[in-house]
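Student: pasted the sequence and its predicted model underneath.
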Amino acid sequence: MSFLMILRIAVKALNRNKMRTALTMLGMIIGVAAVITMVALGTGAQTSIEAQIQSAGTNMIIVSAGNFSTGGVRQGQGNASTLVPEDAVAISQVEGVQYTAAGSNTRGQIVAGNQNWNTQVQGTDVDLPLIRAWSTTAGAFFTPQDVATASKVAVLGSVVRDQLFAPDVDPIGQVIRITKQPFTVVGVMGSKGQSGMGQDQDDVIFIPFTTVLKKLRGITNIQNVTVSAASAGDVTKTADNIATVLRVRHKLQPGDPDDFMVRTMEEMASVRKEATQTMTALLASIAGVSLLVGGIGIMNIMLVSVTERTREIGLRMAIGARGRDVLLQFLVEAVVLSLFGGGIGIALGFGLAQGVTLWQGWPTAVSANAVAVAFGFAAMTGVFFGFYPARKAAALDPIDALRFE
């Protein structure tokens, strides 16, 4: 018996009970769609992280205070007082460093007229727009003189500007209050969207870091230093040079742990990607349980089909059909169920991925590998769970099968 004939018989047999066939395929459809959607979410997240890291510049280095223990208490990133403004000056003189920007952040209630908004206040230096390749849409960033004198000037993110001022109001020159202290608006930043860590980069106010230290927080230490290496190829070497300079400045002995952390964008991207890959694998594994349930459903229905068609099997074998023909017939039916369900599941997975992007704004990307794996897994499920019922049908004795009621 030719394979084409076996395929036609399989399709005809499945068409006899359309509702049962559809319900059997449903488990496979849901499983494949779930796997495709989950993998698309994970892949989209990874792609988004890579794009954001690339836009931030692969030559960016972040130096943060922390990473040491005091009295048994471990200090995390940015929580210690081990970095001072003089460290930022020393870092700017390290070979391979192009720009540096010391940072000290806080949060506060911002008031402008009868409007108010709670947001992050980021103290930084004049080089930050050069490091991040950011530009202003109105006014200008503050000047080195503003940093030196700890001036009360502010540059608004686009979200803060929209929350505090009406569309027809020019914010430049306006006075706002940050924790009850007056600041003059000198600029508005262009829209930048979310960062690689998921933070809204437009919901922020930039002021001189010296102003944060002296007039908002009353401290002498900074939290971090954002650095731009002169060449992307020398980032690792530059980061090592920075670590060496800071160890000398902080008088750390050989064997002592660093009381600071130096991270490159590649390292941060690698950590984020690994975490995303782990979460994607976990979600895909959970979704894969649906495929297993769908396969069990196929086996169940094929066993019922063998019982219902026992006389038909006996008749076929009586007129010359071989055991392998019967085996192949039922195996093909199981595979057809799986592949049809898998095909519909892939289409549904594409639709769900696009729906998530449209409704929630989450990035998704359906890769060819994910489609191939899902489709291949569907085929293997049909073969694996269809083999036992097919073998059982092929092993029937023709005489007993013809006598079966």
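Tutor: That came in fine, so what should we check first?
Student: now the strands for this protein?
Tutor: 60-65, 68-70, 73-75, 97-112, 115-124, 136-139, 153-156, 175-178, 181-189, 204-208, 224-229, 260-264 (DSSP state E).
Student: just the mean pLDDT for the first one, thanks.
Tutor: With pLDDT averaged residue by residue, strand 60-65 scores 91.
Student: could you chop this protein up by domain?
Tutor: Using automatic domain parsing, the domain parsing of the chain gives 3-52+271-403, 83-249.
Student: right, and the ones you listed - which one's nearest I61?
Tutor: Nearest to I61, of all the domains of the chain, is domain 83-249, at 4.1 Å by C-beta to C-beta. Glycine gets a C-beta too; all of them are placed from N, C-alpha and C.
Student: related to what we said a few turns ago, among the domains of the chain, which comes closest to D258?
Tutor: domain 83-249 (6.7 Å).
Student: quick one: end-to-end distance for the closest one.
Tutor: Distance between the two ends of domain 83-249: 10 Å, counting by C-alpha to C-alpha, to the nearest Å.
Student: now it: how far from the chain's centre is it?
Tutor: 27 Å (C-alpha atoms, centre = their mean, to the nearest Å).
Student: now do the helices in the stretch 151-300 of the chain.
Tutor: Remark: helices assigned in the stretch 151-300 of the chain by DSSP state H, counting those that start in this stretch are 158-164, 209-211, 235-249, 265-308.
Student: buried set for stretch 189-209?
Tutor: By 16 or more other C-beta atoms under 10 Å, the buried positions in stretch 189-209 come out as M189, K192, G196, Q201, D202, D203, V204, I205, F206, I207, P208, F209.
Student: then stretch 345-356?
Tutor: Buried, per 16+ other C-beta under 10 Å, within stretch 345-356: G345, I346, L348, G349, F350, L352, A353, V356.
Student: nearest to G297, of these?
Tutor: Closest to G297, out of all of the buried residues of stretch 345-356 and judged by C-beta to C-beta, is G345, at 13.6 Å.
Student: that closest one touches G27, doesn't it?
Tutor: No. G345 lies out of contact with G27 (C-beta atoms under 8 Å); the separation is 9.7 Å.
Student: tell me the least confident of the buried residues of stretch 345-356?
Tutor: Within these, pLDDT is lowest for V356, at 82.
Student: per-residue confidence at T280?
Tutor: 69.
Student: ah, wrong one, I meant A229
Tutor: At A229, pLDDT is 89.
Student: so what pairs up with it in the strands?
Tutor: For A229, the beta-bridge partners are V97 (DSSP bridges).
Student: circling back to that earlier point, closest one to Q223 among the helices of the stretch 151-300 of the chain?
Tutor: Closest among these, using C-beta to C-beta: helix 209-211, at 9.1 Å.
Student: give me the contact list for that closest one.
Tutor: Contacts to helix 209-211, defined as C-beta atoms under 8 Å, 6 or more residues apart in numbering, come from residues 85, 101-104, 123-125, 147-153, 222.
Student: one more time with 7 Å, if that's ok
Tutor: A102, G103, S104, G123, T124, D125, V147, A150, S151, K152, I222 (C-beta atoms under 7 Å, 6 or more residues apart in numbering).
Student: check stretch 148-160 too.
Tutor: 110, 117, 119, 136, 141-142, 146, 171, 176, 181-191, 200, 202-208, 210-211, 214-215.
Student: next, the buried residues of it.
Tutor: A150, S151, K152, V153, A154, V155, L156, G157, S158, V159, V160.
Student: ok, so of the residues you listed, who is nearest G323?
Tutor: Relative to G323, and with distances defined as C-beta to C-beta, the nearest of the buried residues of stretch 148-160 is V159, at 71.8 Å.
Student: poorly predicted segments of the stretch 51-200 of the chain, please.
Tutor: 51-58, 67-80, 194-198 (pLDDT under 70).
Student: hmm, 80 instead?
Tutor: Residue ranges of the stretch 51-200 of the chain with pLDDT under 80: 51-58, 66-81, 193-200.
Student: got it, and the stretch 201-350 of the chain?
Tutor: 232-233, 265-295, 297-331, 333.
Student: hmm, try it at 90
Tutor: Applying pLDDT under 90 to the stretch 201-350 of the chain flags the ranges 201, 229-236, 254-256, 263-347, 349-350.
Student: what are the buried residues along stretch 249-260?
Tutor: Neighbour-count burial for stretch 249-260 [16+ other C-beta under 10 Å]: H250, D259, F260.
Student: let's have these in CSV, adding distance to G314.
Tutor: Shown next, in CSV, are these (distance: C-beta to C-beta, whole Å):
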residue, distance to G314
H250, 88
D259, 83
F260, 81
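Student: out of these, the closest to K12 would be?
Tutor: Among those, and counting by C-beta to C-beta, the member closest to K12 is F260, at 73.2 Å.
Student: how far away is the closest one from T106?
Tutor: Taking C-beta to C-beta, to the nearest Å as the measure, F260 falls 20 Å from T106.
Student: could you do M19 as well?
Tutor: From M19 to T106 the distance is 64 Å (C-beta to C-beta).
Student: swap in F385?
Tutor: 60 Å.
Student: who's more crowded, those two?
Tutor: The residue with more neighbours, out of F385 and T106, is F385; 24 against 16, by other C-beta atoms under 10 Å.
Student: run a quick check on that one versus G295, I expect a contact.
Tutor: Yes. Between F385 and G295 a contact is recorded at 4.1 Å, counting by C-beta atoms under 7 Å.
Student: find the centremost residue of this structure, please.
Tutor: A45 (2.7 Å; C-alpha atoms, centre = their mean).
Student: picking that back up, which pair of the buried residues of stretch 189-209 spans the longest distance?
Tutor: G196 and P208 (25.4 Å).
Student: ok so, going back, in JSON lines, list the helices of the stretch 151-300 of the chain along with distance to L315.
Tutor: As requested, these are exported to JSON lines (distance: least, C-beta to C-beta, whole Å):
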{"stretch": "helix 158-164", "distance to L315": "75"}
{"stretch": "helix 209-211", "distance to L315": "88"}
{"stretch": "helix 235-249", "distance to L315": "75"}
{"stretch": "helix 265-308", "distance to L315": "14"}
